[in-house]
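> Fold the following, please.
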Amino acid sequence: MEIDQLIKWRRELHSFPELGWTEFVTTSVLVRELKSMGYEPLLGESIINPKFVRGRKKVEVEKAIKSAIDKGVDKELLNKMNELTGCVAIYDSGLPGPTVALRFDIDCVGVQETDNENHLPLINGFKSKNSNQMHACGHDGHMTIGLGIAKWLKQQPENSLCGRVKLLFQPAEEGVRGALAMAKSGIVDDCNYYLASHIGFIAKSGEVVVNPTNFLCTTKYDFRFKGLSSHPGKDPHVGINALAGCCNAATQLLAIPRHGKGMSRINVGVIRAGEARNVVPSFGELQVEVRGETEEINTFMCQQAERLVKGVALGYGLDLEIEIMGEAVDLINDKEMIQLLSNVSKLNNQNIIEQRSFGGSEDATILGRRVQTVNNGKAIYFVLGSDLKGTHHQSDFDFDESILPIGVKIYTDCLLQLIFNNK
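Okay, here's the model as predicted:
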């Protein structure tokens, strides 16, 4: 794959980053490129199950659609998307064989990109055009690798491959909000193999972490307490103080006992409550996340948190609304896939790192687990090393563009092992 084309794609995608569930321009560019290669990408509810969408705010979606129209995105395409971002391209060899799913996330981070004069995107004119939105986690690189693989597939000689390849361009990874809805659409239920990866993170250029460990299960909550406002001087007895309930719940949540079988975490990241100093607060919100080393531990933390906030709401006489805003599971890479990736990485002169702690959450694990459980398939998530300027989610983040063709080659070499037609 020509590096110039990969860099061109990466820089175009980097210049208009969009937050999760608002990636309408991004999706339109992916569709444009995939159609030019001969694909007919799947969109909307064919790949996203609306019942399992997490953390999607309709006001932001409507605003993003209007912005996309203003930027020239085709209204017919937007209608096909039906307010749901992301797309899936399917390569069908026409010959019987396994089905392989490859996943690439497409959303950005809510960060204002730096104006530092030494920042490569600024120097070369592809800095983010969207305020407080930036590809500060490498998803522009992930999409680029996906497009490179899509082009490579179309260039293969007739009858050289068998089976099918599904290229999943998944929305809303940040906050682990998008993969569950894609998985619940059934798009990977016929897949025999699944591969996904991340650029940089825990590895530098020339390294491939073939079996990252310690993927943390996580659940992201919004707890909303609804009380009754009143005058705090004349009628304090009439009011039901939602702020007080929020504060009580926050301190108790942070005191939940940790699990004895492994790592567990809880964080109260946001408290939002009250209307004015002279009004008994009628509304309060907590934004909370729990994490667990295993699904069992994460479930324990979820049960503890939900039981606690329900008790606080009951004690204060508050109504309570619980909304899950995002979630991810753990993933154990299959040995067969680890060996495959190790062999391919070695052939591509990469330094193989057998294990390294990931130590975070990634909703690609949901799709991988779906393949493993629904179809008894094999799955792997790996890390493609890259030297970084800045770190992930920081305003000066940038990755080494020279790793893009290596990423494409590692995936395509894996595909040659999985779906090469030996007959």
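> What distance do you get for the closest residue to Lys184 other than its chain neighbours to Met182?
Ranked by CB to CB, 6 or more residues apart in numbering and with sequence neighbours excluded, the top spatial neighbour of Lys184 is Asn49, at 3.9 Å. (Each C-beta comes from the backbone N, C-alpha and C, glycine too.) Distance, Asn49 to Met182, by CB to CB, to the nearest Å: 8 Å.
> Please name every helix or strand in contact with the helix or strand hosting Lys166.
For Lys166, the host element (DSSP states H and E) is strand 164-170. With contacts defined as 3 or more CB pairs under 8 Å, 6 or more residues apart in numbering; DSSP states H and E, the packing partners of strand 164-170 are helix 24-37, strand 87-92, strand 99-105, helix 139-154, helix 179-183, helix 364-374.
> Switch the ones you listed over to JSON lines; also include mean pLDDT and distance to Pro171.
Formatted as JSON lines, these follow (pLDDT from 0 to 100; distance: least, CB to CB, whole Å):
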{"stretch": "helix 24-37", "mean pLDDT": "98", "distance to Pro171": "8"}
{"stretch": "strand 87-92", "mean pLDDT": "98", "distance to Pro171": "9"}
{"stretch": "strand 99-105", "mean pLDDT": "98", "distance to Pro171": "8"}
{"stretch": "helix 139-154", "mean pLDDT": "98", "distance to Pro171": "10"}
{"stretch": "helix 179-183", "mean pLDDT": "98", "distance to Pro171": "8"}
{"stretch": "helix 364-374", "mean pLDDT": "97", "distance to Pro171": "13"}
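> of Asn49 and Met182, who's got more company?
Met182 (28 against 17; other CB atoms under 10 Å).
> Provide the strand pairings for the strand holding Lys166, with the direction of each partner.
Under the criterion DSSP bridges, strand 164-170 sits next to strand 87-92 (antiparallel), strand 99-105 (parallel) in its sheet.
> winner for burial among those strands?
Greatest average neighbour count among the strands paired with strand 164-170 goes to strand 99-105 (a mean of 25), per mean count of other CB atoms under 10 Å.
> Which residues does the helix or strand following that one contact?
Proceeding N to C from strand 99-105, the next assigned helix or strand is helix 120-123, under DSSP H and E. Here helix 120-123 makes contact (CB atoms under 8 Å, 6 or more residues apart in numbering) with Arg11, His14, Ser15, Glu113, Thr114, Asp115, Asn116, Glu117, Lys127, Ser128, Lys389, Asp398.
> Just to check, Leu331 is in contact with Arg369?
Yes. Assessed by CB atoms under 8 Å, Leu331 is found in contact with Arg369 at 6.0 Å.
> quick one, which of those two is more surrounded?
Leu331 (24 against 20).
> and that one, what is it in contact with?
If you count contacts by CB under 8 Å, 6+ apart, then Leu331 has Phe215, Ala364, Thr365, Gly368, Arg369, Ala379, Tyr381 around it.
> What residue, apart from its backbone neighbours, is nearest the second one spatially?
Counting by CB to CB, 6+ apart, the nearest residue to Ala364 once its immediate chain neighbours are dropped is Ala196, at 4.1 Å.
> and the one you found, how many neighbours does it have?
24.
> Now do the contacts for it.
Here Ala196 is in contact with Leu102, Arg103, Phe104, Ala364, Leu367, Gly368, Ile380, Tyr381, Phe382 (CB under 8 Å, 6+ apart).
> so can I have a markdown table of the residues you listed showing distance to Asp70?
Converted to a markdown table, the contacts of Ala196 look like this (distance: CB to CB, whole Å):
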| residue | distance to Asp70 |
| --- | --- |
| Leu102 | 32 |
| Arg103 | 30 |
| Phe104 | 27 |
| Ala364 | 32 |
| Leu367 | 33 |
| Gly368 | 37 |
| Ile380 | 41 |
| Tyr381 | 37 |
| Phe382 | 39 |
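> Which of the contacts of Leu331 ranks first by neighbour count?
If you rank the contacts of Leu331 by neighbour count (other CB under 10 Å), Gly368 sits at the top with 33 neighbours.
> which residues sit in contact with it?
Contacts of Gly368 (CB under 8 Å, 6+ apart): Tyr194, Ala196, Leu331, Ala379, Ile380, Tyr381.
> same deal with Ala172?
Gly20, Trp21, Glu23, Arg54, Gly55, Arg56, Thr85, Asp107, Gly178.
> Distance check, the fourth one against Ala181.
Going back to what we said before, that points to Arg54. 7 Å.
> ok, now the third one?
According to CB to CB, Glu23 and Ala181 sit 14 Å apart.
> Mind checking which of those two has more residues around it?
Neighbours around Glu23 and Ala181, counted as other CB under 10 Å, are more numerous at Glu23. The numbers are 31 against 26.
> contacting residues around that one?
Taking CB under 8 Å, 6+ apart as the test, what Glu23 contacts is Ala64, Thr85, Gly86, Ile106, Asp107, Pro171, Ala172.
> Give me the phi and psi angles of it.
Glu23 adopts backbone torsions of phi -80, psi 50, taken as degrees, to the nearest 10.
> Now do the contacts for the nearest residue to it once chain neighbours are set aside.
Nearest residue to Glu23 in three dimensions, chain neighbours excluded: Thr85, at 4.2 Å (CB to CB, 6+ apart). By CB under 8 Å, 6+ apart, Thr85 lies in contact with Glu18, Trp21, Thr22, Glu23, Phe24, Thr26, Thr27, Ile106, Pro171, Ala172.
> I appreciate the help and will end here.
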